[in-house]
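Peer 1: Task: produce atomic coordinates for the following.
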Amino acid sequence: MSQKVEKPTLQGQRLKTRKRDEKEKYDPVGFRDKILQGFIESGGDLEKLYKFIDTSGNKLDYRRYGEVLFDVFIAGGILAPGGSISTEGDADGPHKTDICLFNQGCTLEELKPMALLVPKFIRRYKYLERMLEDEMKKIVTYLKGLQEDDRTKLSLATGLWLAVGILSPVIFINLSQEHLVKDGLAAEWLIEVLVVWKDEKDMNSIKTSLKTANLGSRLLEFFPTNKRNIDHFTIVMKKHGLGEIVEYYKTQANNEVRKELTEQLEEGIKSECNLKELISIVKESKERSSFSESEIVSIIWFAVMGAMDWNKKEELVGEQALRHLREHSSLFAAFTVNAKSELTLVQRCQEYCYDNMNFMKVFQKIVILFYKTDVISEEVIIKWYKVAHISKGKSVFLDQMKKFVEWLQNAEEESDSGEED
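Peer 2: The predicted structure is shown next:
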């Protein structure tokens, strides 16, 4: 019978780790020292400085230490929490350099040559663009700890970088921290950045970028609580030549309120909230916006119609619509307070019935329902018929309304003649 032969073991032997599997220790201070050497050797010559940054990307690990690179470029050394320069490292060696953004002049002309090196080396190393964004998100939280001149220089550079498209306004989100907002520092710095951005690019660029970053409706958040109102915002923005931002903000803020109100109303209607609760929801939103009665009526119309799962059959949807609108006619009546808002309701109804083909034949019945429930007046119906209808489905809807309008006009004439007698 053969015996089992034991397999040899590797006890006592040390396995070598392949060099490519060894993870280099994270050493931001070591990276800083190498960068500082190149900055100092450039002697402040921006061409030499750019050449050093450009060529060092092949030898130094920018992907790992991009934040440190921007710390040195902006502040001259590694930024510690709060905005001070870290002194970590060799006690005899330098821990900062004067060749940095914060050591440039306080005017755009003086600062611009060095600030515009950043888009140059970002074009060379594209991944640094994301790192610049992360750097700026961090550094704006340190604004309170920076010297006033350094805050000004940072705002000038930020405006330039936004104008040339290497930075996103998402960095502004970090300005909403309480310690920056309560003393007005966030609003002051934001305005300085916007002024440079506008001067270097244009207002349309600002509007588009703010909208993309979902910040268009949030600009008041950067102002202290006691100044967080549209009147103060308007005065400050116009003072700095940013008046267009005010109208833009109003539009964006209203869009947010419109979306929120529509969703709240739809949910309230689906949940069968009573009339008082629905009216309260609308009034509260109206107070937070600059909506006219006509805009409010439009929102109510789309919310009421959007809250229903409509029957797919044309012969059934008409009765369903009339029943649904009759239930909420009092909600419409509460906000059709003048002829303009009444006319808006008829126009929205016309538009909706045209866009949703199953409702084409029910337009007249809806208008008559609103007339009978005192939501709209006969004068508004006649005005709509004669001059104020919109183009969508005009011929179809005018034909539907012809006999009813004639009846209204005859009734009005009979009423007038009765009064004369």
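
Peer 1: quick one: contacts for the nearest residue to residue 228 once chain neighbours are set aside?
Peer 2: With CB to CB, 6 or more residues apart in numbering as the measure, residue 220 is the residue that lies nearest to residue 228, at 5.0 Å, once sequence neighbours are left out. Glycine gets a C-beta too; all of them are placed from N, C-alpha and C. Residue 220 makes contacts with 228, 229, 230, 233, 249, 253, as judged by CB atoms under 8 Å, 6 or more residues apart in numbering.

Peer 1: what's the average pLDDT for the helix or strand where the fourth one lies?
Peer 2: Put plainly, it is residue 233. For residue 233, the host element (DSSP states H and E) is helix 230-239. With pLDDT averaged residue by residue, helix 230-239 scores 95.

Peer 1: Of all the residues in the helix or strand just after it, which ones are buried?
Peer 2: Downstream of helix 230-239, the next assigned helix or strand under DSSP H and E is helix 243-270. Neighbour-count burial for helix 243-270 flags 245-246, 248-250, 252-254, 257-258, 261-262, 264-266, 268-269 (criterion: 16 or more other CB atoms under 10 Å).

Peer 1: With stretch 170-186 instead?
Peer 2: Using 16+ other CB under 10 Å as the burial criterion, the residues of stretch 170-186 that qualify are 171, 172, 173, 174, 175, 180, 181, 185, 186.

Peer 1: Export those as JSON lines, with columns for distance to residue 32 and pLDDT.
Peer 2: As requested, the buried residues of stretch 170-186 are arranged in JSON lines below (distance: CB to CB, whole Å; pLDDT from 0 to 100):
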{"residue": "171", "distance to residue 32": "23", "pLDDT": "96"}
{"residue": "172", "distance to residue 32": "28", "pLDDT": "96"}
{"residue": "173", "distance to residue 32": "28", "pLDDT": "95"}
{"residue": "174", "distance to residue 32": "24", "pLDDT": "95"}
{"residue": "175", "distance to residue 32": "27", "pLDDT": "95"}
{"residue": "180", "distance to residue 32": "27", "pLDDT": "96"}
{"residue": "181", "distance to residue 32": "32", "pLDDT": "96"}
{"residue": "185", "distance to residue 32": "28", "pLDDT": "96"}
{"residue": "186", "distance to residue 32": "29", "pLDDT": "97"}
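
Peer 1: ok, the most centrally placed residue in the chain to residue 173 distance?
Peer 2: Among the residues of the chain, the one closest to the centroid is residue 214, at 1.7 Å (CA atoms, centre = their mean). Per CB to CB, to the nearest Å, residue 214 is found 9 Å from residue 173.

Peer 1: what's the answer for residue 231, then?
Peer 2: Taking CB to CB, one finds residue 231 at 25 Å from residue 173.

Peer 1: got it, and residue 154?
Peer 2: Using CB to CB, we find residue 154 at a distance of 16 Å from residue 173.

Peer 1: ok, now residue 232?
Peer 2: Distance of residue 232 to residue 173, given as CB to CB: 22 Å.

Peer 1: what does residue 102 give?
Peer 2: Distance of residue 102 to residue 173, given as CB to CB: 23 Å.

Peer 1: With residue 50 instead?
Peer 2: Applying CB to CB, the value for residue 50 to residue 173 is 31 Å.

Peer 1: Counting neighbours, which bits of the helix or strand harbouring residue 153 end up buried?
Peer 2: Assessed by DSSP H and E, residue 153 sits inside helix 148-163. Across helix 148-163, burial judged by 16+ other CB under 10 Å covers 150-163.

Peer 1: Just name the closest of those to residue 360, please.
Peer 2: Minimum distance to residue 360 across the buried residues of helix 148-163 is 49.5 Å, recorded for residue 162 (CB to CB).

Peer 1: Per-residue pLDDT of that closest one, please?
Peer 2: On pLDDT, residue 162 comes in at 97.

Peer 1: Least confident secondary structure element in the protein?
Peer 2: When each helix and strand of the chain is scored by mean pLDDT, DSSP states H and E, helix 394-420 comes last, with a mean of 81.

Peer 1: related to what we said a few turns ago, which neighbouring elements make contact with the helix holding residue 233?
Peer 2: Using 3 or more CB pairs under 8 Å, 6 or more residues apart in numbering; DSSP states H and E, the elements in contact with helix 230-239 are helix 185-200, helix 243-270.
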